[in-house]
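**Q** Following is a predicted model, sequence given first.
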Amino acid sequence: MKQMLIDADIKRLMQMIEGSSRIVLTCHVRPDGDALGSSMGMAWLLKSLGKDARVIVPDQPPKTLSFMPGFKDLAIFTRHDPYCQRLVSEAELIICCDFNKPSRQDQLEPLIQNATCTKVLIDHHEDPDYFADLTFSYPEMSSTCELVFRIIAAMGLYPELSHDAAECILTGIITDTRNFTVNVNELDLYEILMRLLEKGVDKNRIVKLALNTCSLSSLKIQAYAISECMEVVEKHRCAIITLNQETLKHFHYEKGDTEGLVNEPLKVRSIISSFFLREDPEFIRISARSEEDFPVSKVCEDLFGGGGHLQAAGGEFYGTLEECKAKLIAALPNYDKYLPDNNG
């Protein structure tokens, strides 16, 4: 496996961990598999070292990830505010996983940012805010979980990696790469997979539970969204799915029910980019995915104040669902130069 990390940073992190008994790990709002996998995987590793490690998440994670070891022990800020405040006040070290800017923690941001203890950032998103005392920022990596594994290996702690830690880390890699089909730029990732499988992790089980399992309501709402709420803009090889509050209520929507929906249109051979616009109570949430290196991150940054990875991004729009969709469609011609047939 290639040495991609800075030795001095690894040494400094080891010193921080060795000098801390109580450690809090945290991630971004609406945590996905990589956010949970990186924070929980590192927490399990720290527990094996005898540390009191706790994971605080900004809000309720999707039920689809409830199979992950330690899920039931998560401290959810929107539900357990006083408990989370106590954990942070007692922490000697806070490790922030899978977010590049404090604002990505939403209501949890002030609590974490006002904490006086040492902070570490471990992330794979572009353009990080350097708010931590030590930052591991590697956008070229497939996932923050890949980065966490590399950090653990570089610290010489692979032997301490438990089955539970390995399962969390592999879950994050699988969800962020869509089971090794996107963002796999280094052959090292397959070596990492092998090392995690050596810990007894069942990859097929993770794929089934994380990617191929959903509730009946989720199946119904996704089927309806594709059949009735999807528009294909053929000229720009783009699909746009919209779901309003009325539809969400009709299908008894719960958090996580639309997870993965944005990927479905990409199964159509002609479609290069896919956008999912969901009407939330406060704003329109945009999720975007693409194929063939089409930069949906740039689209989301330019139009919706968001960003992310080249082929997986998101943003927010304050206005109506119709206005959001109209803004996106009007701007699509500006990005035709990135379509594979038009690359020079």
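**A** Sure, I can see it.

**Q** any residues touching the helix or strand bottoming out on mean pLDDT in the chain, and which ones?
**A** Least confident helix or strand of the chain, by mean pLDDT, DSSP states H and E, is strand 307-309 with a mean of 83. Under the criterion Cβ atoms under 8 Å, 6 or more residues apart in numbering, residues 125-127, 139, 183, 288, 296-297, 300-301, 313-315 lie in contact with strand 307-309. Bear in mind the C-beta positions are built from the backbone N, C-alpha and C, glycine included.

**Q** Looking at these, which two lie furthest apart in space?
**A** The span of the contacts of strand 307-309, defined through Cβ to Cβ, is set by Asn183 and Gly315 at 19.2 Å.

**Q** quick one, which of these two is more surrounded?
**A** Neighbours of Asn183 and Gly315, each counted by other Cβ atoms under 10 Å, are more numerous for Gly315; the result is 24 against 21.

**Q** and the more buried one, what is it in contact with?
**A** Counting by Cβ under 8 Å, 6+ apart, Gly315 makes contact with Ile286, Ala288, Cys300, Glu301, Leu303, Phe304, Gly305, Gly306, Gly307.

**Q** Start from the N-terminal end of the chain and give the helices.
**A** Counting by DSSP state H, the chain has these helices, from start to end: 7-18, 33-48, 81-90, 109-114, 144-154, 163-177, 188-197, 203-211, 216-228, 245-250, 296-304, 321-331.

**Q** wait, which of those is closest to Glu234?
**A** Evaluated over the helices of the chain, closeness to Glu234 peaks at helix 321-331, with 12.2 Å, by Cβ to Cβ.

**Q** Need the contact partners of the closest one.
**A** By Cβ under 8 Å, 6+ apart, helix 321-331 touches 233, 240, 242, 244, 275, 277, 279, 284, 286, 299, 302-303, 317.

**Q** Those residues, buried ones only, as a ChimeraX selection?
**A** In ChimeraX syntax, the buried subset of the contacts of helix 321-331 is picked out as below (16 or more other Cβ atoms under 10 Å):
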select :240,242,244,275,277,279,284,286,299,303,317
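
**Q** Report the two of the contacts of helix 321-331 separated the most.
**A** Using Cβ to Cβ, the pair of the contacts of helix 321-331 lying farthest apart is Asn244 and Asp302, separated by 24.3 Å.

**Q** Reformat the contacts of Gly315 as CSV; add distance to Pro265.
**A** Output for those, formatted as CSV (distance: Cβ to Cβ, whole Å):
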residue, distance to Pro265
Ile286, 14
Ala288, 11
Cys300, 16
Glu301, 21
Leu303, 19
Phe304, 19
Gly305, 24
Gly306, 19
Gly307, 21
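
**Q** By pLDDT, give me the weakest of those.
**A** Within the set of the contacts of Gly315, pLDDT is lowest for Gly307 (83).

**Q** Count the neighbours of the spatially closest residue to that one that is not a sequence neighbour for me.
**A** Leaving out its chain neighbours, the residue that sits closest to Gly307 by Cβ to Cβ, 6 or more residues apart in numbering is Glu301, at 4.4 Å. Other residues lying near Glu301 total 17 when counted by other Cβ under 10 Å.

**Q** tell me the contacts of Glu301?
**A** Neighbours of Glu301 in contact, by Cβ under 8 Å, 6+ apart: Gly307, Ala313, Gly315.

**Q** can I assume Phe317 is in contact with Ile286?
**A** Yes: counting by Cβ atoms under 8 Å, Ile286 is a contact partner of Phe317 at 6.3 Å.

**Q** Next, show the common contact partners of those two.
**A** The contact sets of Phe317 and Ile286 overlap at Leu277, Phe304, Cys324 (Cβ under 8 Å, 6+ apart).

**Q** Skip the chain neighbours and tell me the closest residue to the first one.
**A** What it means is Leu277. Of all residues not flanking Leu277 in the chain, Thr242 sits nearest, at 4.7 Å (Cβ to Cβ, 6+ apart).

**Q** List the residues that contact the nearest residue in space to Pro62 that is not next to it in sequence.
**A** Sequence neighbours aside, Gly256 is the residue nearest to Pro62 in space, at 2.8 Å (criterion: Cβ to Cβ, 6+ apart). By Cβ under 8 Å, 6+ apart, the contact set of Gly256 is Pro61, Pro62, Lys63, Thr64, Leu65, Ser218.

**Q** how close does the fifth one get to Asp123?
**A** Spatial separation of Leu65 from Asp123 under the definition Cβ to Cβ, to the nearest Å is 19 Å.

**Q** quick one: pLDDT of the residue nearest to Arg79 when sequence neighbours are not counted?
**A** Leaving aside its sequence neighbours, Arg79 sits nearest to Gln60 (Cβ to Cβ, 6+ apart; 7.2 Å). Per-residue confidence (pLDDT) for Gln60: 93.

**Q** Look up phi and psi at Gln60.
**A** Taking degrees, to the nearest 10, you get phi -70, psi 120 for the backbone angles of Gln60.

**Q** So for the residue nearest to Arg205 when sequence neighbours are not counted, what's the pLDDT?
**A** Leaving aside its chain neighbours, Arg205 sits nearest to Phe67 (8.0 Å; criterion: Cβ to Cβ, 6+ apart). pLDDT, Phe67: 97.
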